[in-house]
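[1] no sequence for this one, just the structure:
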């Protein structure tokens, strides 16, 4: 096998226009080249070579591919021979390896590629796909664009399974490739039914999975292929196989939330655009971006859910030493609507105004008045610290510390100790027994209020951060409610969500406390818990501090204790009982 990095090097170095130009008379049309198709023997210029994307496409016979597939389809080469031929033309030496046999995953690649071709043909031709075609028209996506992007349509019924069997594909391969699902009675059915499909490709431009958008009412709105031997959604980015060349040329990547956002931004001429696959950005996806560009601009929605996703992604990117900026969209807009209404000029204007991710956080906190009071500054620091700690680049981290110290009015050396607390032995301090194995009533109460809808969801989101929810399943439910995406919960969190829904109905009828009282008491309880953690941290620092520092720490501890007791007057009684072995609340 030829190493993937060598294959990528050959693909990027190959002059696709010159190679195809040996067989087809090509003429430049804008940034592309057009000529008669060499595959179906056409006479009109329906065959496009797109150098920026390293691909070709025929709008009549729908043949598409890259330099390697051209050699394979036109000259009858197998894949390794096609790579070696392209390498020979650009002067790259292919390292030889011993024979290791065929890739056992090849049947899966073949099955997904066959399905992608079949789905694309359904979108073009099937009467049932009229709704999908009309939907694309309503989103201002032409069929020509849909064909180039490989969009498809999955009909209802058994037509897909019948077609795949007719093409000789075995059911077990289709099942392993995520194209079929097994029902409770043991029968098999197509996974995607009545959905507009976006094919997902790996870095070698092989179709490995699909993301399907439901066109009618129902849930889930988007459905991705499951994890398979050839598809791991946390390790791929949508459109990266096409965007990576533009990313290297532009020295930046644009990260958006969904497939339609990618499509719209790319059509506006910004081709270095990618999106995660229905989840938050993972470390593997951040590493992929780091390999192709030094700078990432986050172009997410500007609502609360979009901002939370923005800052989670920003912290992950900072851990991989990337420069991270945030482009702020007008309220109510997403990248798709922005480009449809304002065109490429509006998009470029937004991208040019992108600011550093930490500056964007500070900007939001300033607008909300956090820096106007001492408690507000403390809470603002709690929200800024994760981003400072995420910055793996030492210069970026130092700049972040200086900026936050300036805006929050704290000494830089104090903030540095907060960001990177010195290692202290645990001998002088006997920690409390763990109490986070089970959820607190305060966390549950706030989630029950969020399940009641607005305005409670907004009030809870404004009052607390996800990190303040210590029970993992409840934190997942909190984030899912913020993003209005409960269908993305894993099995454990989904069970917690169902239990909360059932309890919300009982609580609404049985409780004698007003929602305002429940909200105030729960927020105070979580704030008291945060303050107690700060006090415990001071307890660990005091034995190792100088005499002057001990006096300062003692005063800080006294201030925090007074603030904590004001939040929850019975807090000290409960903690004393807990230390003596009494059961917790």
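    Cool, the structure landed. Given the structure is predicted, the values throughout are model-derived calculations rather than measurements.

[2] doesn't residue 103 fall inside a strand?
    No: counting by DSSP: H, G, I helix; E, B strand; the rest coil, residue 103 is not found in a strand; it is coil.

[3] now it: how far from residue 206?
    From residue 103 across to residue 206, the span is 11 Å (C-beta to C-beta, to the nearest Å). C-beta: built from backbone N, CA, C; applies to glycine.

[4] what does residue 341 give?
    For residue 341 relative to residue 206 (C-beta to C-beta), the value is 36 Å.

[5] more crowded one of these two?
    Remark: of residue 341 and residue 206, residue 206 carries more neighbours, 18 against 10, as counted by other C-beta atoms under 10 Å.

[6] picking that back up, identify the contacts common to residue 103 and residue 206.
    By C-beta atoms under 8 Å, 6 or more residues apart in numbering, residue 103 and residue 206 have these common neighbours: residue 109.

[7] residue 405 touches residue 418, doesn't it?
    No: Residue 405 is not in contact with residue 418 according to C-beta atoms under 8 Å; the separation is 10.1 Å.

[8] which residues touch residue 482?
    Contacts of residue 482 (C-beta under 8 Å, 6+ apart): 304, 305, 308, 457, 461, 466.

[9] and the second one, what element?
    This means residue 305. Counting by DSSP states H and E, the element that carries residue 305 is helix 304-318.

[10] for that helix, which outside residues touch it?
    Counting by C-beta under 8 Å, 6+ apart, 255, 257, 276, 280-283, 285-286, 289-290, 296, 298, 300, 324, 326, 357, 360-361, 364, 386-387, 390-393, 396, 458, 461, 466, 479, 482-484 sit against helix 304-318.

[11] among the residues you listed, name the ones in helices.
    If you go by DSSP state H, the contacts of helix 304-318 have 283, 285-286, 289-290, 357, 360-361, 364, 386-387, 390, 396, 458, 461, 479, 482 in helices.

[12] in ChimeraX, how would I select just the buried ones from the residues you listed?
    The ChimeraX command for the buried members of the ones in helices among the contacts of helix 304-318 (criterion: 16 or more other C-beta atoms under 10 Å) is given here:
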select :285,286,289,290,357,360,361,364,386,387,390,396,461,479,482
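
[13] distance of residue 173 relative to residue 112?
    Taken as C-beta to C-beta, the span from residue 173 to residue 112 is 10 Å.

[14] compare these two (neighbour count), which wins?
    residue 112 (27 against 16).

[15] my read is that that one contacts residue 200, right?
    No: between residue 112 and residue 200 there is no contact under C-beta under 8 Å: 9.2 Å.

[16] so what sits against both of these two?
    By C-beta under 8 Å, 6+ apart, the residues touching both residue 112 and residue 200 are 207, 208, 209, 210.

[17] burial of residue 480, as a residue count?
    Residue 480 has 18 nearby residues by other C-beta under 10 Å.

[18] where does the stretch 401-550 of the chain have low pLDDT?
    Filtered on pLDDT under 70, the stretch 401-550 of the chain yields the residue ranges 422-440, 487-488, 505-513.

[19] check the chain too.
    For the chain (pLDDT under 70), the answer is 1, 96-102, 422-440, 487-488, 505-513, 567-585.

[20] what's the longest helix in it?
    Using DSSP H, we find that the single longest helix of the chain is helix 515-541.

[21] separation between residue 552 and residue 542?
    Per C-beta to C-beta, residue 552 is found 10 Å from residue 542.

[22] how about residue 187?
    67 Å.

[23] which of these two has more residues huddled nearby?
    More crowded of residue 187 and residue 542, by other C-beta under 10 Å: residue 542, with 14 against 9.

[24] residues in contact with the more buried one?
    Counted by C-beta under 8 Å, 6+ apart, residue 542 has contacts 550, 553, 554, 557.
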